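Novice: coords below, sequence missing:
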């Protein structure tokens, strides 16, 4: 059985847990004896996914939390409920993502993909840090891709011009910038932050993408449960203890492009996102840190 402090089972949170990679990851963690908190947007789908994970894993400690990463109010509410019921968190897997072919704006005034893929995980992670710090060795795992699209700080919400594929790619780069900046800010603590590329998956994430892209993805994709194996190892396996600020695929470290490691855009994105999510005055992680040079 996976254990955190004392002999208690590890507390593992998985976002986007009602389908695809999130569901497969929740199943993999539950099968190893973890207490899995499944964060889902839709209650009916979430309940069905929770029941599936509990049944297939034989694990009774599978719990559902309803939260919408497109809504900052919802994120704050679910983070509060999670910490009230589970003051210690051992693993946070930020798996939820969305692709939208047209520009849509959330109630908070953010472009939808930026909100769900980057700002939502950023806010949720920060709000859960107190719980993560209570673990003897907590791990934050951000699911992303090896995007090379640089973040356009002059048009962060795609108001001046919008390309769905470019905007989606920028959110994947934002995941990398966030991961490496978070790792720098958490240096010296028992909380680590890593990114993982699951590869092409059989899922409905890209259902609004162009037909040719959907065909190629379908041709070369793998089942979500296969991709989740490496992610689960990264989240709980002893060999990854203490590993932070790295990017993985299939349990092996890979390299992002140099821009993603650069502390200048990493710090700039952090500060901008903190303001957009109302965390600019938050007193948890420091807003200014000594940042090392980017990786060669």
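Specialist: Cool, the structure landed. The structure presented is a predicted model; accordingly, all values stated were derived computationally and were not measured.

Novice: so what's residue 62 up against?
Specialist: By CB atoms under 8 Å, 6 or more residues apart in numbering, residue 62 lies in contact with 26, 30, 35, 36, 38, 50, 53, 54. For every residue, glycine as well, the C-beta is placed using N, CA and C.

Novice: and with 10 Å instead?
Specialist: Counting by CB atoms under 10 Å, 6 or more residues apart in numbering, residue 62 touches 17, 26-27, 29-30, 34-38, 49-55.

Novice: cool, and residue 82?
Specialist: Residue 82 touches 11, 13, 37, 39, 63, 65, 67, 89, 92, 124, 127-128, 131, counting by CB under 10 Å, 6+ apart.

Novice: Using the three-state scheme, assign it.
Specialist: Recorded secondary structure, residue 82: helix (DSSP: H, G, I helix; E, B strand; the rest coil).

Novice: Quick check: it vs residue 272, distance?
Specialist: Applying CB to CB, to the nearest Å, the value for residue 82 to residue 272 is 26 Å.

Novice: before we move on, what about residue 158?
Specialist: Residue 158 is 14 Å from residue 272, by CB to CB.

Novice: Sketch out the low-pLDDT regions of the stretch 1-150 of the chain for me.
Specialist: Applying pLDDT under 70 to the stretch 1-150 of the chain picks out residues 1-7.

Novice: buried ones in stretch 82-91?
Specialist: Within stretch 82-91, the residues that count as buried by 16 or more other CB atoms under 10 Å are 82, 83, 86, 88, 89, 90, 91.

Novice: Next, count neighbours for residue 54.
Specialist: Residues near residue 54, counting by other CB atoms under 10 Å, number 19.

Novice: what pairs with the most centrally placed residue in the chain across the strands?
Specialist: The centre of the chain sits closest to residue 94, judged by CA atoms, centre = their mean, with a distance of 1.9 Å. Beta-bridge pairing of residue 94 under DSSP bridges involves residue 142.

Novice: returning to that earlier point: and the contacts of residue 62, which are buried?
Specialist: 17, 26-27, 29-30, 34-38, 49-50, 53-54.

Novice: ok, of those, which one's closest to residue 101?
Specialist: Among the buried ones among the contacts of residue 62, residue 17 lies closest to residue 101 (CB to CB), at 24.5 Å.

Novice: And what about that closest one, helix, strand or coil?
Specialist: coil.

Novice: now swap in the one 4 residues further on and tell me
Specialist: Look at residue 21: counting by three-state DSSP, its state is helix.

Novice: Counting neighbours, what do you get for it?
Specialist: For residue 21, using other CB under 10 Å, the count is 27.

Novice: repeat for the one 3 residues further on
Specialist: Residues lying near residue 24 (other CB under 10 Å) number 26.

Novice: So for it, what's the nearest residue that isn't a sequence neighbour?
Specialist: Counting by CB to CB, 6 or more residues apart in numbering, residue 24 lies nearest to residue 228, which is 3.7 Å off, once chain neighbours are set aside.

Novice: One more: residue 178?
Specialist: Excluding its sequence neighbours, the residue lying closest to residue 178 (CB to CB, 6+ apart) is residue 122, at 5.8 Å.

Novice: swap in residue 127?
Specialist: In space, residue 127 is closest to residue 79, 3.8 Å off (CB to CB, 6+ apart).

Novice: in terms of contact, does that neighbour touch residue 126 like I think?
Specialist: Yes - contact between residue 79 and residue 126 holds when scored by CB atoms under 10 Å: they sit 8.9 Å apart.

Novice: So if I had to pick from those two, which one is more boxed in?
Specialist: residue 79 (23 against 20).

Novice: For that one, which residues are in contact?
Specialist: Going by CB under 10 Å, 6+ apart, residue 79 touches 13, 39, 65, 67, 123-131.

Novice: Name the helix or strand for it, please.
Specialist: Assigned by DSSP states H and E, residue 79 falls within helix 72-85.

Novice: Figure out how far that helix is from the centre of its chain.
Specialist: 16 Å (CA atoms, centre = their mean, to the nearest Å).

Novice: do stretch 138-145 as well
Specialist: Distance, centroid of stretch 138-145 to centroid of chain: 5 Å (CA atoms, centre = their mean).

Novice: Please identify the buried residues of the lengthiest helix in the chain?
Specialist: What stands out as the longest helix in the chain, according to DSSP state H, is helix 164-185. By 16+ other CB under 10 Å, the buried positions in helix 164-185 come out as 164, 167-185.

Novice: Stretch 182-202 too?
Specialist: 182-186, 191-198, 200-202.
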